[in-house]
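*Asks:* Curious how this folds, go ahead:
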Amino acid sequence: MYCPAAFRQNDLPSLHAQIQASGLAIVTSTGAQGLQASHLPLLLEPGEGEFGTLYGHFARANPHWRDLADGAEALVVFNGPDAYVHPGWYPAKAEHGKVVPTWNYIAVHAWGQAEVFDEPERLLELVSRLSERHERGRAQPWAVSDAPRDYIDSMLRAIVGFALPIRRIEGKWKLSQNRSASDQAGVRTGLATSNNPRDQELAARMNHTD
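*Replies:* Residues are numbered from 1 along each chain as shown. You can find the predicted model right below:
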């Protein structure tokens, strides 16, 4: 990921927080199947290994997992909020006109090699924890145990799990840090007054650049 120093995020707790906040990750790798990308919900165990460990599962019918089983390195992308930056938000536009549009965004990239597994009890623990994470806070949260065990067993046979210790991690918080304070304030105001919730979310992140 191209990451100028002004946008680089090195704080591991902040990187982990963004991973936890991201709903769907993009797992990419290249191997015998060619260049592959799968969109998967993942769990992060921050305390496992130097940078944490990611857990998830593929559909068994998805050939992507076979490349990971063969030792292919994976790049996992976690996208945060992003927004178009209108040049008119910069006070500098009125001063000299030397401005152009850009895009602000937050992203985390993590690299590692995965251990692939298909033991039923280990898969059951994984899907149970994934469900608990995303059902948390609901008035009537669903649990894996709500479904008949024979049905769950058949579903477990249709997936393959993986554990991916993070060997390298990078974060990019592109939030107009390379602009003047007045231009940053203009972008923040423009995003905050937008009707797009993602614009508003990014404006809030500009107020707390971690």
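*Asks:* from here on, contacts and neighbour counts on C-alpha atoms
*Replies:* OK.
*Asks:* could I have the lengthiest helix in the chain exported to CSV, CA atoms only?
*Replies:* The longest helix of the chain (DSSP state H) is helix 120-135. Only the C-alpha atoms of helix 120-135 are listed here, as CSV (Å, rounded to 0.1, in the frame of the first residue of the first chain):
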residue,chain,number,x,y,z
PRO,A,120,-15.8,-30.1,13.4
GLU,A,121,-15.4,-28.9,17.0
ARG,A,122,-12.9,-26.3,16.0
LEU,A,123,-15.2,-25.0,13.3
LEU,A,124,-18.2,-25.0,15.6
GLU,A,125,-16.2,-22.8,18.1
LEU,A,126,-15.3,-20.4,15.3
VAL,A,127,-18.8,-20.0,13.8
SER,A,128,-20.2,-19.7,17.3
ARG,A,129,-17.8,-16.9,18.2
LEU,A,130,-18.5,-15.1,14.8
SER,A,131,-22.2,-15.3,15.5
GLU,A,132,-21.9,-14.1,19.0
ARG,A,133,-19.9,-11.1,17.8
HIS,A,134,-22.4,-9.9,15.3
GLU,A,135,-25.5,-10.8,17.3
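*Asks:* Now do the helix or strand just after it: everything it contacts.
*Replies:* Counting by DSSP states H and E, the next helix or strand C-terminal to helix 120-135 is helix 149-156. Contacts of helix 149-156 with the rest of the structure, by CA atoms under 8 Å, 6 or more residues apart in numbering, involve 120, 123-124, 144.
*Asks:* which of the residues you listed tops the neighbour count?
*Replies:* Among the contacts of helix 149-156, the one with the most neighbours (other CA atoms under 10 Å) is Leu123, at 21 neighbours.
*Asks:* How about the contacts made by that one?
*Replies:* Leu123 touches 117, 156, 160-161, counting by CA under 8 Å, 6+ apart.
*Asks:* What's the separation between it and Glu73?
*Replies:* From Leu123 across to Glu73, the span is 22 Å (CA to CA, to the nearest Å).
*Asks:* Over to His109?
*Replies:* Distance of His109 to Glu73, given as CA to CA: 13 Å.
*Asks:* likewise Asn196?
*Replies:* 36 Å.
*Asks:* again, but for Pro165
*Replies:* From Pro165 over to Glu73 (counting by CA to CA), the distance is 11 Å.
*Asks:* Neighbour count: those two, which is higher?
*Replies:* For Pro165 versus Glu73, neighbours defined as other CA under 10 Å are more numerous around Pro165 (23 against 17).
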